[in-house]
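structure here, sequence nowhere to be found:
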């Protein structure tokens, strides 16, 4: 019969089987039988030998079970590590591809940034060149304006000289006309006097004088003197007038050339100002594009870092979950192995004791299972069973061992 926690159940068996036995505390006390002391001594020696052999056998079983358990644990760890390695090998290419993609994007952005910086540097150099040219043109314009002012002063002075000379020419013309009229008046007066004198002479002197030829000669001399004086004056004034006209024309040409140069400089300044404005607009556009590209690159890098952190967090969480599941699996395997050992131990005990009972006869058998830890094994046996007792009539002997899968000790004593 079998009993758990004081409750027994059993059944009748055939000849040679185990008789119905109820657990009794009196069975734990040694029987006072009148037997030969030598037999008791022999039985005790056999009991000690059986205990020694049982202990050695139990140690061997424990070692075998422990090695099997360690082997299974190592196989489990190896399979989990293989699965984890496979999973990592499956995840690692994804990370590498994503990181390579981000690196390519970053390299592209860096190349764009370098290209835009080069273009910006070229534009800045071009702007500096235009600025230098603009300053040179401003300096040229200032010098031209100063020269224009000086030329204007010279032209004004030449114009004033021209006006003065024209006034002098007019005055000299008036003077020439006055002298001509005066000369003609004097000539007329002289002619009148000559005519009067000729009359007087004709009256006073009867000599024949050629006064007409004399008068004509004098008149010719005066006219020649007057013509020569007038020609000299006209030629002198004409030369002065022509010189003034040449000087005025020269200054006028210089003034027109200066005006043309000033107009050309103004047009060039306007063109350079337009080019500078275009360069400034293009520079602002390039700076905006660079800022946008930098912002886009920073956002892409931040996004990539955030995604990488999320993936690392997910990977860490998956590792933690895998480690937790591995620990739970190991605990379950330990519990399973402990239960397998316990079941095998019960089976070996029952088979061994049945064979012993069949060979040596019926005696008293005490089997005690002492649990030192609770947990899954105790729950499997009924939620914290403190001990298990089994009794049967058999010969004197003992069997004791402990399971390697859990913290339980098994002791079988026969009296």
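Structure received. This one's a predicted model, so the numbers in the text were calculated from it and none came from an experiment.

dump the residue contacts of residue 287.
residue 120 (Cβ atoms under 8 Å, 6 or more residues apart in numbering). C-beta: built from backbone N, CA, C; applies to glycine.

swap that for residue 262, please
Residue 262 is in contact with 141, 144, 145, 148, counting by Cβ under 8 Å, 6+ apart.

count of neighbours near the third one?
Read it as residue 145. Number of residues near residue 145 (other Cβ atoms under 10 Å) recorded here: 13.

name the helices or strands packed onto the helix or strand hosting residue 166?
Residue 166 is part of helix 37-204, with elements assigned from DSSP states H and E. For helix 37-204, the elements it packs on are helix 211-360, strand 397-402, strand 408-414, judged by 3 or more Cβ pairs under 8 Å, 6 or more residues apart in numbering; DSSP states H and E.

quick revisit: the contacts of residue 262 into JSON lines, with extra columns for distance to residue 273 and pLDDT?
As requested, the contacts of residue 262 are exported to JSON lines (distance: Cβ to Cβ, whole Å; pLDDT from 0 to 100):
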{"residue": "141", "distance to residue 273": "12", "pLDDT": "84"}
{"residue": "144", "distance to residue 273": "17", "pLDDT": "84"}
{"residue": "145", "distance to residue 273": "18", "pLDDT": "86"}
{"residue": "148", "distance to residue 273": "21", "pLDDT": "84"}
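
any idea which of these is closest to residue 261?
Nearest to residue 261 among the contacts of residue 262 is residue 144, at 5.9 Å by Cβ to Cβ.

surely that closest one touches residue 264?
No: between residue 144 and residue 264 there is no contact under Cβ atoms under 8 Å: 9.9 Å.

between the two, which is the more surrounded one?
In this view residue 144 and residue 264 are compared by other Cβ under 10 Å, and residue 144 has more residues nearby, 18 against 11.

which of the contacts of residue 262 lies closest to residue 72?
Once Cβ to Cβ is applied, the member of those that ends up nearest residue 72 is residue 141, at 99.0 Å.

gap between the closest one and residue 128?
Distance, residue 141 to residue 128, using Cβ to Cβ, to the nearest Å: 20 Å.

who has more neighbours out of the two?
Per other Cβ under 10 Å, whichever of residue 141 and residue 128 has more neighbours is residue 141, with 17 against 10.

name the nearest residue to that one, ignoring sequence neighbours.
Leaving out its chain neighbours, the residue that sits closest to residue 141 by Cβ to Cβ, 6 or more residues apart in numbering is residue 265, at 5.0 Å.

show me the contacts for the one you found.
137, 140, 141, 144.

burial measure for the residue nearest to residue 99 when sequence neighbours are not counted, as a count.
The shortest distance from residue 99 to any non-neighbouring residue, by Cβ to Cβ, 6+ apart, is to residue 308 (7.6 Å). Per other Cβ under 10 Å, the neighbour tally for residue 308 reads 14.
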